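**Q** Here's a sequence, model it:
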Amino acid sequence: MKDSSAEEMVSARDDRPKAGSPGLVPAAPWRIGRYELCFELASGGMASVHLARAQGNAGFEKLVALKRIHPHLACAPEYVDMFLDEARIASRITHSNVCSVFDFGEADGEYFIAMEYLVGEPLSRVHRRVLADVDQRDCPLLPMRMARIIAQACEGLHAAHELTDADGESLRVVHRDVSAENLFVTYDGVTQVVDFGIAHARQRVHSTEAGQVKGTFPYMAPEQMTSAVVDRRVDVWALGTVLWELLTLRKLFLRETDVNTMYAVLSGEIQPPSEFRNDVSAELDEIVLKALERSPDARWQSAREMGKALRRYLAKQDELIGPAEVADWMRELFPSGELRKRELMDIALSREGVELDAEVTAGAESGERVSRFPALAVGRIPAAPPLPASLLVMLIGVLTVLAVVTIDMLRQ
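**A** Modelled structure (predicted):
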């Protein structure tokens with residue numbers, strides 16, 4: 001889900017469009033059930049996320065991140081099922097490294113998920129900030145910091161993978177979309193796994209049809225691309241890909257086209273991270289490369305197993321890198337980031353906040369723009385997310401890649 005840009009927002013006080021103007025769509029209701037929407041934080045193809053205030057008896061108030069499905073998708077049963085499946089799965093996971101879901105359902109004609117509002121930054125933004133700063137890129141502590149972040153993600157995913165029903169039977173949860181976009185680092189130095197939107201589980205209402213492929217190509221395991229049966233080890237592969245990219249500060253499988261990306265995932269050479277960064281140890285190389293074994297049986301068999309290997313590596317280092325040290329580093333990367341987000345929370349909790357300007361900047365360090373409601377937005381209906389690829393299209397793509405791989409092998 002991408003951050004909303006300033007260009008997409010229209011000021012409620014100064015630039016409110018005139019009634020009857022073409023292409024006007026209400027930005028959002030003031031309230032969904034007991035939740036008062038305060039600011040829009042992000043918007044993607046399927047849903048938008050808002051900072052909202054939950055209200056209860058005796059003056060109870062709590063800030064949450066409220067995810068609401070786009071109105072034009074709320075009448076499509078397949079998207080509603082996917083949306084509510086995400087909530088059902090995530091709400092059953094109780095772990096410090098998974099973003100908590102407090103509530104979900106339908107109110108006032110709106111489908112919503114109420115989640116913990118995380119004060120931090122997506123790992124993808126952390127990655128970009130490191131790339132932009134030569135001192136951060138060259139820092140010898142970078143491999144240890146990234147190893148600590150991923151070790152925590154391993155624990156969050158393991159909690160999801162181990163989820164059971166009331167009878168103790170495994171729900172066989174698989175995230176299927178692990179990437180730096182879906183890992184969040186808080187200013188307390190804690191990694192949180194977010195967005196179980198396409199997660200697989202035994203009790204999902206919406207099921208993936210045969211031949212459909214779900215995930216993000218550069219982070220998909222080979223067995224995902226060939227529509228084989230997937231299990232928790234596809235998330236281990238994705239974690240290995242993310243860690244490889246965090247260590248080398250370059251892309252592992254991403255190519256100019258999806259077909260070339262698939263080819264790279266299925267048969268491209270995977271060099272150890274130390275080939276691109278001298279301060280990556282042989283032990284860390286081994287951990288990453290084991291996660292990236294193309295045979296699932298040769299990989300780490302669980303996210304916890306990979307996380308333990310990372311923690312053993314960290315325990316041998318001269319420098320201590322734990323959540324407190326990651327927190328200090330986050331404040332170094334984003335000097336005003338936490339302060340700006342806390343200010344945003346104060347405004348949302350303030351009764352007088354309704355009278356403030358429509359647009360509020362959450363801070364140049366985070367690059368986040370938020371919009372105060374109510375407002376009318378011009379052309380704000382997002383395009384419906386593309387439906388999953390059909391069996392025929394994916395089969396042609398996979399067979400093409402496999403044919404090229406076979407030819408290459410024969411030539412050798």
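
**Q** Could you list which residues are in contact with Ala151?
**A** Listed by Cβ atoms under 8 Å, 6 or more residues apart in numbering, the contact set of Ala151 reads Gly307, Leu310, Arg311, Leu314. Every C-beta, even on glycine, is put in place using the N, C-alpha and C of the backbone.

**Q** Nearest spatial neighbour of it, chain-adjacent residues omitted?
**A** Leu310 (4.0 Å; Cβ to Cβ, 6 or more residues apart in numbering).

**Q** Next one: the one you found from Arg31, what distance?
**A** Leu310 sits 44 Å away from Arg31, going by Cβ to Cβ, to the nearest Å.

**Q** Over to Gln271?
**A** Going from Gln271 to Arg31 by Cβ to Cβ gives 53 Å.

**Q** more neighbours, these two?
**A** Between Gln271 and Arg31, counted using other Cβ atoms under 10 Å, Arg31 has the larger neighbour count: 16 against 13.

**Q** so the more buried one sits right up against Arg53, yeah?
**A** No. Checked against Cβ atoms under 8 Å, the pair Arg31 and Arg53 is beyond contact range at 9.6 Å.

**Q** So what does the spatially most central residue of the chain have for phi and psi?
**A** A centroid search over the chain (Cα atoms, centre = their mean) returns Asn182, at 1.5 Å, as the residue closest to the centre. Backbone dihedrals for Asn182, given as degrees, to the nearest 10, come out at phi -110, psi 20.

**Q** List the contacts of the closest residue to it other than its chain neighbours.
**A** On the basis of Cβ to Cβ, 6+ apart, the spatially nearest residue to Asn182 that is not a chain neighbour turns out to be Asp195, at 4.5 Å. Under the criterion of Cβ under 8 Å, 6+ apart, the neighbours of Asp195 are Met1, Glu86, Asp177, Glu181, Asn182.

**Q** One more: Glu106?
**A** Contact analysis of Glu106 by Cβ under 8 Å, 6+ apart lists Phe112.

**Q** Same question for the one 10 residues further on.
**A** Shown in contact with Glu116 (Cβ under 8 Å, 6+ apart): Val64, Ala65, Cys99, Ser100, Val101, Phe102.

**Q** returning to that earlier point: please tell me I have it right and the residue nearest to Ala151 contacts Gln152.
**A** No. In this structure Leu310 lies outside contact range of Gln152 using Cβ under 8 Å: 9.3 Å.

**Q** since we're on Ser282, how many residues are nearby?
**A** Actually, residue 282 is Ala. It isn't Ser. The burial metric for Ala282, expressed as a neighbour count using other Cβ under 10 Å, is 8.

**Q** Please report how far it lies from Ser336.
**A** With distances defined as Cβ to Cβ, the gap from Ala282 to Ser336 amounts to 39 Å.

**Q** Quick check: ChimeraX command selecting the buried ones in the contacts of Ala151.
**A** The buried residues among the contacts of Ala151 can be selected in ChimeraX (16 or more other Cβ atoms under 10 Å) with this line:
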select :307,310,314
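
**Q** Now His158: which helix or strand?
**A** Taking DSSP states H and E as the criterion, His158 maps to helix 142-161.

**Q** got the buried residues for stretch 293-310?
**A** Taking 16+ other Cβ under 10 Å as the basis for neighbour counts, the residues of stretch 293-310 that come out buried are Glu293, Pro296, Arg299, Trp300, Ser302, Ala303, Arg304, Met306, Gly307, Lys308, Ala309, Leu310.

**Q** tell me the two of those that are most distant?
**A** In these, the most distant members under the criterion Cβ to Cβ are Pro296 and Leu310, with 19.5 Å between them.

**Q** sorry, back to before: identify the residues contacting the residue nearest to Ala151.
**A** Shown here is Leu310, whose contacts under the criterion Cβ under 8 Å, 6+ apart are Ala147, Arg148, Ile150, Ala151, Cys154, Ile287.

**Q** what sits against the fifth one?
**A** Neighbouring residues of Cys154 by Cβ under 8 Å, 6+ apart: Leu239, Ala303, Arg304, Met306, Gly307, Leu310.

**Q** Could you find the closest non-adjacent residue to it?
**A** Distance criterion Cβ to Cβ, 6+ apart; nearest residue to Cys154, sequence neighbours excluded, is Gly307 at 3.0 Å.

**Q** For Ala147, see how far away the one you found is.
**A** In terms of Cβ to Cβ, Gly307 sits 10 Å off from Ala147.

**Q** domains for the chain, by residue range?
**A** Structural domains assigned to the chain are 2-118+336-378, 120-329, following automatic domain parsing.

**Q** weakest of the ones you listed by average pLDDT?
**A** Per-stretch mean pLDDT for the domains of the chain is lowest at domain 2-118+336-378 (a mean of 71).

**Q** Would you mind writing the CA trace of the helix holding His158 as CSV?
**A** Taking Å, rounded to 0.1, in the frame of the first residue of the first chain, the C-alpha atoms of helix 142-161 are listed here in CSV:
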residue,chain,number,x,y,z
LEU,A,142,24.6,-2.4,9.0
PRO,A,143,24.8,-6.2,8.6
MET,A,144,24.1,-6.7,12.3
ARG,A,145,21.2,-4.2,12.4
MET,A,146,19.6,-5.8,9.4
ALA,A,147,20.1,-9.3,10.8
ARG,A,148,18.4,-8.2,14.1
ILE,A,149,15.4,-6.7,12.2
ILE,A,150,14.9,-9.9,10.1
ALA,A,151,15.4,-12.2,13.2
GLN,A,152,12.4,-10.4,14.8
ALA,A,153,10.4,-10.8,11.6
CYS,A,154,11.2,-14.5,11.7
GLU,A,155,9.5,-14.8,15.1
GLY,A,156,6.4,-12.9,13.9
LEU,A,157,6.0,-15.2,10.9
HIS,A,158,6.6,-18.3,13.0
ALA,A,159,3.7,-17.2,15.3
ALA,A,160,1.5,-17.0,12.2
HIS,A,161,2.7,-20.3,10.8
